[in-house]
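Visitor: here is a sequence together with a model predicted from it:
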Amino acid sequence: MLLTQTILYRNNTDRPIRVVVEPWAHQYLIDPSTEVEFRFFGESASAGRIEIEDTGNYFSLWPADGGFARLFVDGRELEQVAQE
C-alpha cells in the first residue's frame with residue numbers, strides 16, 4: 001500500500017527559493033509568492049520521519065527511507081531545474 005503525505009509551503013520572500021530533494025539532489029525553484037505542495041510517497045513499511053532543512057539559501061527535503069517526493073503547484077508537477 002502506497003502512503004502519501006502532503007506538506008504545503010508558501011514562498012513569502014521576494015526571491016525564488018531552491019528546493020533540493022535528497023538523496024538524489026533533484027532541484028526545483030519556487031517563485032516568490034507561490035504555494036507548493038510537497039507530496040511524499042512511501043510504502044507502509046518505510047513510513048517514517050520526513051526531514052526538512054532550511055539552510056537560508058535553499059531547503060533540503062529528505063523523504064523517509066524507501067520513499068520519494070514530488071512537488072506540485074496548482075496541481076501540476078514541477079519540472080526539475082539544473083543543479084547549482
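Guide: Good, I have the coordinates.

Visitor: where does the chain have low pLDDT?
Guide: Counting by pLDDT under 70, the ranges of the chain that qualify are 1, 44-48.

Visitor: does Leu8 lie in a helix or a strand, and which?
Guide: Assessed by DSSP states H and E, Leu8 sits inside strand 2-10.

Visitor: centre of the chain to that strand, how far?
Guide: Put simply, strand 2-10 sits 9 Å off its chain's centre (CA atoms, centre = their mean, to the nearest Å).

Visitor: partner strands of it, parallel or antiparallel?
Guide: strand 35-43 (antiparallel) (DSSP bridges).

Visitor: so after the strand it pairs with, what's the next helix or strand?
Guide: Later in the chain than strand 35-43, the nearest helix or strand by DSSP H and E is strand 51-54.

Visitor: which residues sit against that following strand?
Guide: 7, 59-62 (CB atoms under 8 Å, 6 or more residues apart in numbering). Just so you know, the C-beta spots here come from the backbone N, C-alpha and C atoms, and that holds for glycine as well.

Visitor: among those, which two are most distant?
Guide: Pairwise distances across the contacts of strand 51-54 peak at 13.7 Å for Ile7 and Ser60 (criterion: CB to CB).

Visitor: the residue lying closest to His26 once chain neighbours are set aside: neighbour count?
Guide: Of all residues not flanking His26 in the chain, Gln80 sits nearest, at 5.3 Å (CB to CB, 6 or more residues apart in numbering). Look at Gln80: counted by other CB atoms under 10 Å, it has 14 neighbours.

Visitor: what strand or helix carries Gln80?
Guide: For Gln80, there is no host helix or strand (DSSP H and E).

Visitor: which phi and psi does it have?
Guide: phi -70, psi 150 (degrees, to the nearest 10).

Visitor: buried sites along the helix or strand following the strand holding Leu8?
Guide: On the C-terminal side of strand 2-10, the closest following helix or strand by DSSP H and E is strand 17-21. Across strand 17-21, burial judged by 16 or more other CB atoms under 10 Å covers 17-21.
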